[in-house]
Each structure stands twice: as structure tokens, then as C-alpha cells.
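1. Sequence plus the predicted model coming up.
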Amino acid sequence: MTEKLVSIITPTYNCAKFIAETIDSVRAQTYQNWEMIIVDDCSLDNTKEIVEEYIKTDPRIRYHLLEKNSGAAVARTTAMQLANGAYMAFIDSDDLWTPEKLERQIQWMEENGHAFSCTAYEQIDEDGNSLHRVIKTVEKTNYNRLLLDCPVGNSSVVYNVEKMGKFEVPDIRKRNDDALWLQMLKKEEYIWGMPDVLMKYRIRQNSISSNKLKVIKYHWILYRDIEHLSVFRSLFHIGFWCLIKVLKIK
């Protein structure tokens, strides 16, 4: 398989504790033709110094510092604008890939003619220990299915830029990954789910997304202000999301 360039999109903010391990998982890929674009949303820790050490020995890694703290959506959009790849992949600065992730996923996409895909993933704790929970994929997810309960792990997504073009991430502090997939599903009918577990998602106790009440606010903004759904439909989707979370807890 001819390796087309893959642009790896990584927004970061105060992830000095984790970002070296994330970069190591990218550098360990069996698929070698990639560029990793790390956009720093004005971290207050030593994220910059850690990334710059990697840049000294690996020119495939690029670092861009935003002028002011603007949120993950702006950081992600900036990275996408700087990307040169035929494919675009996403990994957050605290998640991990298995070594064969890019090779297997891109080969699967090309063999099946899929322009937009995600994979199953495993959850890990802050220290990288397995939580023994695998989040499976849905075979194919369209716009309406994604609205119900997004079955897509952000750091598992790859899409074909040559077929789909570039996108701007809606400027919302959280759930901006969901907002991006919804924009993309207006152009491509499905996100195809690859059943292989090729990503590890880190559960952090201090993350905004761990606070379910705060997340409800961002869902409302997503449904009403960005997707312009009716009040009734927005309430329905928020209610459905809450029900799913309660069932998962039980």
C-alpha cells in the first residue's frame, strides 16, 4: 500500500503530564508517512518544552502556539488549516494509539471505499491502567444517529481529505468534536465503524466532560445554536443522552 500523507490533529492545553506518551504512541506507528500538528491553547505548564524536545529529532512533529486561550475548537480548526495530508486523523493530547492504528484503519477504509471512519477503543485511567471497558463501534452512523448518542471516539477518527475537503470546527468549548462530525455528516452520509480496538481513551477526573451537568449546557448550545434544532427536538436529545448516562452508571 502506498502511504499517503496523514495529518494528525492534536489540540492541547496543560497536558504536560500526558503528551509525551501520546506523541510516543504516534511515533510508534507502523504507518510512517504522517505529520503531527500540535496546537497549544496557551498552556500554563511545560507542554511547549516537552514538544520542542521531540521536534529536535523528529521533523514530522509541528508545534503552533495560539496567541490567546481560545478553546479546543479554535485549536483544532487551526491545526486542520495547517494540515497538508490526504488523510486527517485526530488524537487528543492525553489519548493513545496502538502501533498499527493508522496502517490498519486506512487500509480498511481504502479496501471498503470509506471516506470517514472511527474505531472501537478501550478506556484507561489517568495512570494508563486499563479500566477493562471497550467502547464498540456502530457499523455506520449518520447525522440523526449521531445526534442520539455519539458512538464515535474522537481520537479514533480518520477521514479522507481528498474526498471530503477541510472543515471548520464550530466554536463551542466542549462537544466540539460532536459538532465537527455533524458538520461532516452533512457532506458524507456515514461514519463507518471499524470494530478493532485501536485507541485508548484516558478518563480524567478533573476534565470538564466528567461533569455531566456542565455537559448538558454544551449539548443545548450544540443543538439549538449550532444545529438549529427545535426546542422540542433539543430537549428530546438531551433527555435521551441523560437516560443513556444513567443506564451506563447502573
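-> That came in fine, so what should we check first? Residues are numbered from 1 along each chain as shown.
2. Could I get the full set of strands for the protein?
-> Using DSSP state E, the strands of the chain run over residues 6-12, 34-40, 61-65, 87-90, 96-97, 116-124, 130-135, 140-141, 158-160, 191-202.
3. Residue 109 is nearest to which of these?
-> If you check each of the strands of the chain against residue 109 by CB to CB, strand 116-124 wins as the nearest, at 5.3 Å. Placement of C-beta: from N, CA and C, glycine included.
4. Just grab the bridge partners of the closest residue to residue 36 other than its chain neighbours for me.
-> Residue nearest to residue 36 in three dimensions, not counting chain neighbours: residue 8, with 4.3 Å by CB to CB, 6 or more residues apart in numbering. Using DSSP bridges, the bridge partners assigned to residue 8 are residue 36, residue 89.
5. which intervals of this protein have sub-threshold pLDDT?
-> Applying pLDDT under 70 to the chain picks out residues 1, 206-213, 245-250.
6. Can you pull up the most central residue in it?
-> residue 154 (2.6 Å; CA atoms, centre = their mean).
7. So that one sits against residue 177, correct?
-> Yes: look at residue 154 against residue 177 with CB atoms under 8 Å: they come within range, at 4.2 Å.
8. any residues in contact with both of these two?
-> Shared contacts of residue 154 and residue 177 (CB atoms under 8 Å, 6 or more residues apart in numbering): residue 90.
9. which ones are touching residue 219?
-> Here residue 219 is in contact with 175, 237-238, 241 (CB under 8 Å, 6+ apart).
10. Of these, which is the nearest to residue 112?
-> Using CB to CB, the contacts of residue 219 come closest to residue 112 at residue 175, 28.6 Å.
11. Let me see the domain layout of this protein.
-> 6-205, 211-250 (automatic domain parsing).
12. which parts of stretch 155-162 are buried?
-> 155-161 (16 or more other CB atoms under 10 Å).
13. now stretch 47-66
-> 47-48, 50-51, 54, 60-63, 66.
14. which of these lies closest to residue 89?
-> Nearest to residue 89 among the buried residues of stretch 47-66, with distances taken as CB to CB, is residue 60, at 13.0 Å.
15. ok, and the closest non-adjacent residue to residue 94?
-> Residue 94 sits nearest to residue 18 (CB to CB, 6+ apart), 3.9 Å away.
16. For the one you found, what are phi and psi?
-> Backbone torsions for residue 18, taken as degrees, to the nearest 10, come to phi -120, psi -20.
17. What are the neighbouring residues in contact with residue 15?
-> With CB under 8 Å, 6+ apart, residue 15 has these contacts: 22, 43, 45, 47, 93-94.
18. With residue 220 instead?
-> Contacts of residue 220 (CB under 8 Å, 6+ apart): 234, 238.
19. Mind doing that once more with 6 Å?
-> By CB atoms under 6 Å, 6 or more residues apart in numbering, no residues touch residue 220.
20. and it, how far is that from residue 124?
-> Per CB to CB, to the nearest Å, residue 220 is found 30 Å from residue 124.
21. measure residue 129 to residue 135 for me?
-> 17 Å.
22. which of these two has more neighbours?
-> residue 135 (16 against 8; other CB atoms under 10 Å).
23. Write down the beta-bridge partners of the more buried one, one by one.
-> Beta-bridge partners, per DSSP bridges, of residue 135: residue 121.
24. unless I'm mixing things up, it is touching residue 121, no?
-> Yes: counting by CB atoms under 6 Å, residue 121 is a contact partner of residue 135 at 5.4 Å.
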